[in-house]
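Enquirer: From the sequence below, what's the structure:
(one chain, ligands or ions: 1)
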Amino acid sequence: MPTTDNSYPKPAVSELTPPDRTLMGPGPSDTNPRVLRAMSTPLVGHLDPSFVEIMDEVQELLRYTFQTDNEWTIPVSGTGSAAMEAAIGNLVEPGDTMLVPTNGYFGGRMASMARRAGGTVVEVDATWGEPLDPTAVDDALAEYDPDIFGFVHAETSTGVLQPNVSELTAAAHEHDTLVIADTVTSIGGVELRVDEWDIDVAYAGPQKCLSCPPGASPLTLSDQGMDKVLARDEEPRSWYLDLSLLEGYWGEKRAYHHTAPITNVYALREALRLVAEEGIENRWERHERLAGALKAGVEGMGLEMNASEDYWLPSLNAVRVPNGIDDGAVCEALLEQYDLEIAGGLGDLSGEIFRIGCMGHSARPENVIYVVTALGDVLE
Ligand code: PLP
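Expert: Okay, the predicted model is just below:
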């Protein structure tokens, strides 16, 4: 009989009992109980005829939520960054130029991904906390003649909503430049009209205004966007995220590429069904109304919003940290005393703002009252 080797003792890990937090940070948001229930239903195979039907339903629901007729509309396996990398890594070919914004953390991530794809990055300048100015975008398009222009519709690091999207896309298309939009913090929470606004490619995340755990992330491409992907001279650097291969699974063939995260697809289906039941416009209105109450509450306490009223982002409320207050200590106290998550600032705004989400299932009156009351108490 082999002797027992005690160098690898059995870990004494207890049963999972995560704390019951209220999630009012930059994401994830509170998961809708119906989504959690969908996640506990039995697995079927990723090529089972019943799953193929679920895939069709998810694609149909995603088109509604993105407000698009794009055939190429799929959930990418992975978090929002996977959908982001699928967009950038497939659209940007070595030698291409991509124009990216400087007004927040996620424009920086776009730049990093474009460089790794072999592209040259050029920037349209705007300060953190401001949206892009269409004239500056137009000037940058004329100066650099980029192949791709990326912008962040809802900048989670600054609480800024990019207005004038149609103006930006019209200017880009005049220069034969394709447009990629980051809609991670806008999808299902603030007005987003992919077709009407002529966005070529949009990617998103499920864990914000869709109130679904991360793991299957929405992506949509117009025919023009997909034509560029399919006409590439060189394969994309990622096999896993190669859209021409993923098309074999999500397109008509439904052939194996990788094992889909089945439970996450169930979850997304239920989260998107909730969007369709509520109605997309009603959902945008709910976010605006409840985040409006949240904003009124924090302003009533004498706090100041970071973004001006014209580009306030209801799903992510960036509130200026009052002088002499340690943002980290406030977030910690809220977590410890109230089981409530909000976040501090990122990058250029680190230590300067609180980031308070109002997303999906978290955008409810009881959550808004709770966060305003708890923040007021901790700041007192
Ligand atoms: N883009 C934006 C605007 C985001 O807020 C995030 C995440 O917070 C991402 C991209 C990346 O998504 P993930 O963290 O799910 O990979």
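Enquirer: now this structure, which segments are flagged as low pLDDT?
Expert: 1-6 (pLDDT under 70).
Enquirer: what comes into contact with the top helix by length along it?
Expert: As assigned by DSSP state H, the longest helix anywhere in the chain is helix 280-300. Under the contact criterion Cβ atoms under 8 Å, 6 or more residues apart in numbering, helix 280-300 has outside partners 64-65, 67, 188-191, 209, 275, 278, 305, 312, 314-315, 317, 319, 356, 358-359, 363-365, 368-369, 371-372, 375. Placement of C-beta: from N, CA and C, glycine included.
Enquirer: Those in helices, which ones?
Expert: Filtering these for membership in helices, criterion DSSP H, returns Tyr64, Thr65, Val275, Glu278, Pro365, Val368, Ile369, Val371, Val372, Leu375.
Enquirer: Please type out the ChimeraX selection for whichever of those turn out to be buried.
Expert: Restricted to buried positions by 16 or more other Cβ atoms under 10 Å, the ChimeraX selection for those reads:
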select :65,275,368,371,372,375
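Enquirer: Let me have the ones in helices among the contacts of helix 280-300 in a markdown table, extended by distance to Phe51.
Expert: Formatted as a markdown table, the ones in helices among the contacts of helix 280-300 follow (distance: Cβ to Cβ, whole Å):
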| residue | distance to Phe51 |
| --- | --- |
| Tyr64 | 20 |
| Thr65 | 20 |
| Val275 | 21 |
| Glu278 | 26 |
| Pro365 | 37 |
| Val368 | 38 |
| Ile369 | 41 |
| Val371 | 38 |
| Val372 | 43 |
| Leu375 | 44 |
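Enquirer: the helices in the protein, which residues?
Expert: 33-39, 49-66, 80-91, 105-116, 134-144, 165-174, 223-230, 243-250, 262-278, 280-300, 327-338, 365-379.
Enquirer: nearest residue to the residue in the chain that the ligand sits nearest to other than its sequence neighbours?
Expert: Evaluated by Cβ to the nearest ligand atom, the chain has Gly80 as its residue closest to the ligand, separated by 2.6 Å. In this structure, Gly80 finds its nearest non-sequential neighbour in Gly205, 3.1 Å apart by Cβ to Cβ, 6 or more residues apart in numbering.
Enquirer: how deep is that neighbour tucked in, by neighbour count?
Expert: Using other Cβ atoms under 10 Å, Gly205 has 28 neighbouring residues.
Enquirer: quick one: contacts for it?
Expert: Gly27, Thr79, Gly80, Ala83, Val184, Thr185, Ile187, Pro214, Ser217, Pro218.
Enquirer: can we see that at 10 Å?
Expert: By Cβ atoms under 10 Å, 6 or more residues apart in numbering, Gly205 lies in contact with 27-28, 78-84, 156, 182-185, 187, 212, 214-218.
Enquirer: ok, now how distant is it from Thr158?
Expert: 17 Å (Cβ to Cβ, to the nearest Å).
Enquirer: ok, now which ones touch Thr183?
Expert: So Thr183 contacts 65-66, 80, 83, 152-154, 165, 189-190, 192, 194, 199, 202-205, 208-209, 218-220 (Cβ under 10 Å, 6+ apart).
Enquirer: Let's see that with 7 Å instead.
Expert: Listed by Cβ atoms under 7 Å, 6 or more residues apart in numbering, the contact set of Thr183 reads His153, Ala154, Leu192, Ala202, Tyr203, Ala204.
Enquirer: Pull out the buried members of the residues you listed.
Expert: Buried, going by 16+ other Cβ under 10 Å: His153, Ala154, Leu192, Ala202, Tyr203, Ala204, out of the contacts of Thr183.
Enquirer: Confirm for me that Ala171 is in contact with Leu141.
Expert: Yes - assessed by Cβ atoms under 7 Å, Ala171 is found in contact with Leu141 at 5.8 Å.
Enquirer: No more questions from me, cheers.
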